[in-house]
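Visitor: Following is a predicted model, sequence given first.
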Number of protein chains: 2
Amino acid sequence: MDVKTLCLGLLSARPASGYDLKKEFEGLFKHFFPAGYGSIYPALADLAAAKLVECECIEQRGRPDRKLYRITPAGMHAFEQALRQSSPRHRLRSEFLATLYFADLMEPERLQELLEQRVIEMRETVEDIDAIVKAQGQQMSGGAHFVAGFGAALAAAATRYIEQHESLLFEQPSIKRQATA
Amino acid sequence: MDVKTLCLGLLSARPASGYDLKKEFEGLFKHFFPAGYGSIYPALADLAAAKLVECECIEQRGRPDRKLYRITPAGMHAFEQALRQSSPRHRLRSEFLATLYFADLMEPERLQELLEQRVIEMRETVEDIDAIVKAQGQQMSGGAHFVAGFGAALAAAATRYIEQHESLLFEQPSIKRQATA
DNA sequence: TGCAGCATGTAATTTGTTACATGATTAA
DNA sequence: TTAATCATGTAACAAATTACATGCTGCA
């Protein structure tokens, strides 16, 4: 599943422009599948070229045509196939953890700063997700609810872990490193 | 922080070959910063070109020379700078969640399959991390312990969440989709 | 007057993945 | 004999990020 397929999936619920999709990516998806214009617009062009979506150009005064993309039956079929095929990955890539692995090379102040920053971001994630659910909960599908809760649960667990275990990072170094001089 | 910088960091603890580093990436790092030969070998070549590491070629019978890389003072300095600069990201990219967002388009059997698969993988993650800590706990730095615990805590939280909330996915669809015919 | 929002896209770059290519040693 | 381990790498490809490029509308 790549951005292209996800765009197709979002279009399975309702027609939208690239701009609209970007706003969707700024909602829930931000927290587990971020994407920007740079991937969305090319994705839509590809989907249109493959006839999985159709494009209706809506003229507007003073701005570029609004291009409203609508999924085709072939597109719907392709998306359902995509959901069936392949085992979806779930991957974490954390420079944060990679950095903390080397805590013994870092100043305590720097460590503290990183931890605080991370806790703030995780709290913001939880708050953002909660706000989305409060605002759109009625119209959200079971899948959307599940995903929202999942993201919030992970963020909360990360916060809790940091608060309960940060002391591990401030111990005296036990690993011998190469002499640098 | 990219694979190159991480390799440099690993070399700050001890000299190693690309093959050795790959084994490290198959340990703890597998769970939050995966990398394969395809990124490791080029990274080492780049680091050597930048004089951040030195290479000692050790001849062997019947196999390619073992290339043992050793960090230089300049490399050590560069790595410490890297730890100081830039706010490290912590990003999730989950095709798993993106897929489940569309649960109402999926067969219950398929859903069940995905959930089970994910629970198994998460359990394996926890077990793998626990095994690493049991085996190497004595020599692991505080940072390594923190990171190991973090990974295990996240995986455990994910498992718990799935088990407690999977029913959300099996509700009747409430979202209206486009007619496909 | 200035900023946020609407609305499109391209191009260069970065990064990493996957497949390819080779081949001896050693333990089961 | 067969599989795992040791040991190196390159090349093609895929994907996404970032920066660039443009410009009106409408609100405060």
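Guide: Yes, it's here. Because the structure is predicted, anything quoted here is derived from the model rather than measured. Residues are numbered from 1 along each chain as shown, chains lettered A, B, ... in the order given.

Visitor: what residues go with each domain of chain A?
Guide: A:3-84, A:95-170 (automatic domain parsing).

Visitor: Which one of the residues in chain A is closest to DNA strand C?
Guide: residue A:19 (2.9 Å; C-beta to the nearest atom of the strand). Every residue, glycine included, has its C-beta placed from N, CA and C.

Visitor: residues making contact with the helix or strand hosting that residue?
Guide: For residue A:19, the host element (DSSP states H and E) is helix A:18-25. Applying C-beta atoms under 8 Å, 6 or more residues apart in numbering or on different chains, the contact partners of helix A:18-25 are A:7, A:10-11, A:16, A:33-37, A:40-41, A:44, A:66-67, A:69.

Visitor: Also stretch A:34-47?
Guide: A:2-4, A:6-8, A:11, A:18, A:21-22, A:25, A:29, A:53, A:55, A:67, A:69, A:75, B:91, B:93.

Visitor: rewinding a little: any idea which of the contacts of helix A:18-25 has the most stuff around it?
Guide: In terms of neighbours by other C-beta atoms under 10 Å in any protein chain shown, the contacts of helix A:18-25 top out with residue A:7 at 28 neighbours.

Visitor: any idea how far that residue lies from DNA strand D?
Guide: Distance, residue A:7 to DNA strand D, by C-beta to the nearest atom of the strand, to the nearest Å: 10 Å.

Visitor: Just to check, residue A:149 is in contact with residue B:167?
Guide: No. With contact defined as C-beta atoms under 8 Å, residue A:149 and residue B:167 do not form a contacting pair (11.5 Å).

Visitor: what does chain A have sitting close to DNA strand C?
Guide: A:17-20, A:23, A:37-38, A:41-42, A:44-45, A:60, A:63-67 (C-beta under 7 Å from any atom of the strand).

Visitor: Among the residues you listed, which ones are in helices?
Guide: In helices, defined here by DSSP state H, the members of those are A:18-20, A:23, A:37-38, A:41-42, A:44-45.

Visitor: could I get the residues you listed as JSON lines with distance to residue A:86 and pLDDT?
Guide: Output for these, formatted as JSON lines (distance: C-beta to C-beta, whole Å; pLDDT from 0 to 100):
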{"residue": "A:18", "distance to residue A:86": "26", "pLDDT": "96"}
{"residue": "A:19", "distance to residue A:86": "29", "pLDDT": "97"}
{"residue": "A:20", "distance to residue A:86": "27", "pLDDT": "97"}
{"residue": "A:23", "distance to residue A:86": "28", "pLDDT": "96"}
{"residue": "A:37", "distance to residue A:86": "26", "pLDDT": "97"}
{"residue": "A:38", "distance to residue A:86": "24", "pLDDT": "96"}
{"residue": "A:41", "distance to residue A:86": "25", "pLDDT": "97"}
{"residue": "A:42", "distance to residue A:86": "22", "pLDDT": "96"}
{"residue": "A:44", "distance to residue A:86": "22", "pLDDT": "97"}
{"residue": "A:45", "distance to residue A:86": "23", "pLDDT": "96"}
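
Visitor: Tell me which other helices or strands the helix or strand where residue A:109 lies touches.
Guide: Residue A:109 belongs to helix A:108-136 when assigned by DSSP H and E. With contacts taken as 3 or more C-beta pairs under 8 Å, 6 or more residues apart in numbering or on different chains; DSSP states H and E, helix A:108-136 sits against helix A:95-100, helix A:142-165.

Visitor: gap between it and the chain center?
Guide: Computed by C-alpha atoms, centre = their mean, to the nearest Å, the chain-centroid distance of helix A:108-136 equals 14 Å.

Visitor: now the angle from it to helix A:142-165?
Guide: For helix A:108-136 against helix A:142-165, the angle by axes from the mean of the first three to the mean of the last three C-alpha atoms, to 10 degrees is 160 degrees.

Visitor: List the residues that contact residue A:6.
Guide: Counting by C-beta under 8 Å, 6+ apart, residue A:6 has contacts A:29, A:33, A:35, B:98.

Visitor: between those residues, which is closest to DNA strand D?
Guide: residue A:35 (4.9 Å).

Visitor: How much space separates residue A:44 from DNA strand D?
Guide: Look at residue A:44 and DNA strand D: by C-beta to the nearest atom of the strand, they are 12 Å apart.

Visitor: And for residue A:115?
Guide: 23 Å.

Visitor: ok, now residue A:15?
Guide: Counting by C-beta to the nearest atom of the strand, the gap from residue A:15 to DNA strand D is 21 Å.

Visitor: Around the residue nearest to that residue when sequence neighbours are not counted, how many other residues sit close by?
Guide: The shortest distance from residue A:15 to any non-neighbouring residue, by C-beta to C-beta, 6 or more residues apart in numbering or on different chains, is to residue A:70 (4.2 Å). When counting by other C-beta under 10 Å, one arrives at 14 neighbours for residue A:70.

Visitor: so residue A:70 bridges to which residues?
Guide: residue A:54 (DSSP bridges).

Visitor: Find me the pLDDT at it, would you?
Guide: At residue A:70, the pLDDT value in this model is 97.
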